[in-house]
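*Asks:* let me see the structure of the following:
(2 chains)
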Amino acid sequence: MSAATLPSPASEPILSVKDLHVRFPVAGGLLRRRRIVHAVNGVDLAVQPGQCVSLVGESGCGKSTTALAIMGLQAPSSGAITVEGRPVYGPGAPDRLARARLAQIVFQDPFSTLNPRETIGRALSQPLMLHGVKDRAERADRVATSLRQVGLLPDHATRYPHEFSGGQRQRIGIARAMILGPRLIVLDEPVSALDVSIRAQIINLLMDLQQDLGLSYLMISHDLGVVEHVSDRVAVMFAGQIVEEGGWREVFTAPAHPYTRRLIETIPNPARLTGGAQEILPPAPEPPSGTRFWPPIGQRPEISRPPEPSTFMNIGKDHRVRVRVG
Amino acid sequence: MSGPLLDIRGLTIGIPNRNGPPLQIVRDLSFDIMPGEIFGLVGESGSGKSASALALMGLNRRPLTTLEGQALYGGQDLLAMSRRSMRKLRGDRISMIFQEPMTALNPLARIGSQIAEMFVLHRGLSWSDARPKAVEALAAVQVPDPKGRARAYPHQLSGGLRQRVMIAMAMACRPDLLIADEPTTALDVTVQAEVLRLIRELCEREGTAVLLISHDLGVIAQMCQRVGVMANGRLRELRDAKALFTDPRHPYTQGLLAALPRLGSRATEGRHRLADLDMAIDRDAPGFSETYLRPRGEAA
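*Replies:* Below you'll find the model as predicted:
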């Protein structure tokens, strides 16, 4: 799908998504005709080991659908997803248990993902049990270790979810994602529900874990401040397609696509008041000659139709943008 | 412009506690709002900012809470007002918009009627006179096709449109003060920008003052002239917005700003650790007594 050749990776990517399409049939309209919602249209993504790649965009742009597809929770209509070189769907795909050891997900609201009648220790040791850790002492030991890794105490294992604060619950969510030792963690709005001071703690924790354990992240977020702070690469998604992708520096200091620029410009930013660096974006670059940025600003593609043809073009060393030729 | 529009003096809100003195969730809060001013109240969850706003609206009363202090509006104390006169004022002179418009709107009534009700209740108009006024009010908040949309139910509108409907209701009687409690927290950034601009333009045009409550320092910085920073029920710093963000004085404000991943800061400061604050609360003191900040891991 993409005309640009991806830079040859130094190593095998830990996550590779190629030309992912997810379509949902919906009943609707006057005659109850079946319509198709094109939620994800040809997404390409790669996460290299130890990297944090962020997928940003507004609600309904398809970023969470992409995350669910990667986790094996939403079968794609077409396209290929591999984690550590192994396909997530199709005949050669590993089963659910094996997939659980490859990739895990942390959700926005950890409380809704924890069983209120189950202690944290039990919530954390159940995956171990399922994955054949038979020795009770070893399970307890691994639970204690992972609680310590996320800044909690081993004693917390005997408590129930309601006994924790929001920030602590998100730590538990992270501990649970890590307990089977996956190398890829999908973070779906991991700090959106948290207060500023707690958010800073969780961001620091995620950065520490990434460094200490060599984890790779795919982060889904709409908070551009957080995304700029932690990401190595950024992909901006709009109406089911990636419209701009590149290294964090390229995307944030020289945003090219009008949609990316609008996102960055509309973030209320205290730096604007104090005359910070991002007060004014650098002037918008011209699209490559003979092309125009796609989709054009002010025009929202109809998601009930297949997207109009467009190409993804290199505009810098590590910077691609969606354009239309002609 | 002479005196302040609203003068809050020593507002203290307590929750009765069977085993001791009331738990003080807001303590000795004093600030004033000038006519036409956008005043920001910023703080984290539980800091007491929403409890204070509800108290001003007469929605936070005995016996659930105990109130001390005064909130003077045009010579009257809002905290001591009878329910009846408060009802007259609320929605007319002082109105409020909330974070989640879906829970604030009546799901069973068309939005046109919900807005028209404001004119019927506060202006004594008949329903047939009020309906066209409701369509006007929808047009004023830039709802496309206001006439058609007036017949819609809340669930048929997007989040951004619902919040516009809330603003239309709140601004229907051209109030002196609009209390906006996290008005854009549930919205996407692009929609948030439009709604904030709308609030600012409308209030400028009508001369309405705004008490903007938010946890988002960016929103506060963009909108407000003066800002109060609250933490654990107390006002920690009250400053001109620009001064607050360039030169924060209180350690809590300094910590809050240092904990914020600011867009554009990575290019100059690198991928640094964010300031890691620990809010220590002395739970043994009567009420939530004092909050202080210390670096994480350091003994209290």
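*Asks:* need the helix or strand of chain A with the lowest average pLDDT.
*Replies:* Using mean pLDDT, DSSP states H and E, helix A:270-273 stands out as the lowest-scoring helix or strand of chain A, at a mean of 70.
*Asks:* next helix or strand past that helix?
*Replies:* Using DSSP states H and E, the next helix or strand after helix A:270-273 towards the C-terminus is strand A:291-293.
*Asks:* which neighbours in the sheet does the helix or strand following that next one have, and how are they oriented?
*Replies:* Per DSSP H and E, the first helix or strand lying C-terminal to strand A:291-293 is strand A:311-316. Partners of strand A:311-316 in the sheet, by DSSP bridges, are strand A:319-325 (antiparallel).
*Asks:* near chain B, which residues of the stretch 51-200 of chain A?
*Replies:* With Cβ under 8 Å from any Cβ of the partner chain as the criterion, the stretch 51-200 of chain A comes near chain B at residues A:58, A:59, A:195, A:196, A:197, A:198, A:199, A:200. In short, each C-beta sits where N, CA and C put it, glycine included.
*Asks:* list the contacts for residue A:204?
*Replies:* Residue A:204 makes contacts with B:273, B:274, B:276, as judged by Cβ atoms under 8 Å, 6 or more residues apart in numbering or on different chains.
*Asks:* show me the helices in the chain, by range?
*Replies:* By default, I'm working from chain A. For chain A, the helices defined by DSSP state H occupy A:63-70, A:96-102, A:120-130, A:136-149, A:166-178, A:196-213, A:224-230, A:248-253, A:258-266, A:270-273.
*Asks:* meant chain B actually
*Replies:* Shown for chain B, the helices assigned by DSSP H span residues B:49-56, B:83-89, B:101-104, B:111-123, B:127-140, B:146-149, B:159-171, B:189-206, B:217-223, B:241-246, B:251-258, B:266-269.
*Asks:* could you dump these to JSON lines with mean pLDDT?
*Replies:* Listed next are the helices of chain B as JSON lines, based on pLDDT from 0 to 100:
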{"stretch": "helix B:49-56", "mean pLDDT": "93"}
{"stretch": "helix B:83-89", "mean pLDDT": "92"}
{"stretch": "helix B:101-104", "mean pLDDT": "89"}
{"stretch": "helix B:111-123", "mean pLDDT": "96"}
{"stretch": "helix B:127-140", "mean pLDDT": "96"}
{"stretch": "helix B:146-149", "mean pLDDT": "95"}
{"stretch": "helix B:159-171", "mean pLDDT": "95"}
{"stretch": "helix B:189-206", "mean pLDDT": "93"}
{"stretch": "helix B:217-223", "mean pLDDT": "92"}
{"stretch": "helix B:241-246", "mean pLDDT": "92"}
{"stretch": "helix B:251-258", "mean pLDDT": "85"}
{"stretch": "helix B:266-269", "mean pLDDT": "83"}
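*Asks:* look up how far residue B:154 lies from whichever residue of the stretch 1-150 of chain A sits closest to chain B.
*Replies:* Across the stretch 1-150 of chain A, the shortest distance to chain B (Cβ to the nearest Cβ) belongs to residue A:58, at 4.2 Å. To residue B:154, residue A:58 is 21 Å away according to Cβ to Cβ, to the nearest Å.
*Asks:* what do you get for residue A:241?
*Replies:* The gap separating residue A:241 from residue B:154 is 31 Å, by Cβ to Cβ.
*Asks:* how about residue A:80?
*Replies:* Going from residue A:80 to residue B:154 by Cβ to Cβ gives 42 Å.
*Asks:* kindly report the same for residue B:254.
*Replies:* In terms of Cβ to Cβ, residue B:254 sits 42 Å off from residue B:154.
*Asks:* what's the burial count for residue B:21?
*Replies:* The number of residues packed near residue B:21 is 10, by other Cβ atoms under 10 Å in any protein chain shown.
*Asks:* okay, residue A:80 and residue B:154: which has more neighbours?
*Replies:* Per other Cβ under 10 Å, whichever of residue A:80 and residue B:154 has more neighbours is residue B:154, with 21 against 14.
*Asks:* tally up the residues packed near the residue in chain B that chain A sits nearest to, please.
*Replies:* Ranking the residues of chain B by distance to chain A (Cβ to the nearest Cβ) places residue B:264 first, at 2.8 Å. Neighbour count of residue B:264, defined by other Cβ under 10 Å: 22.
*Asks:* that one contacts residue A:252, correct?
*Replies:* Yes. Judged on Cβ atoms under 8 Å, residue B:264 makes contact with residue A:252 at a distance of 7.4 Å.
*Asks:* so what sits against both of those two?
*Replies:* Residues within reach of residue B:264 and of residue A:252 at once, by Cβ under 8 Å, 6+ apart, are residue A:228.
*Asks:* so for residue B:297, what's the pLDDT?
*Replies:* Looking at residue B:297, its pLDDT stands at 40.
*Asks:* for residue B:40, that is, sorry about that
*Replies:* 97.
*Asks:* check contacts around it.
*Replies:* By Cβ under 8 Å, 6+ apart, the residues touching residue B:40 are B:212, B:213, B:214, B:220, B:223, B:224, B:226, B:227, B:228, B:241.
*Asks:* pull the contacting residues for residue B:261.
*Replies:* Listed by Cβ under 8 Å, 6+ apart, the contact set of residue B:261 reads A:200, A:203, A:225, A:226, A:228, A:229, A:230, B:274.
*Asks:* which of those lies closest to residue A:84?
*Replies:* Distance to residue A:84 across the contacts of residue B:261 (Cβ to Cβ) is lowest for residue A:230, with 22.0 Å.
*Asks:* the closest one and residue A:187 touch, don't they?
*Replies:* No. With contact defined as Cβ under 8 Å, residue A:230 does not count as touching residue A:187 (9.3 Å).
*Asks:* having no further points to raise, I will conclude here.
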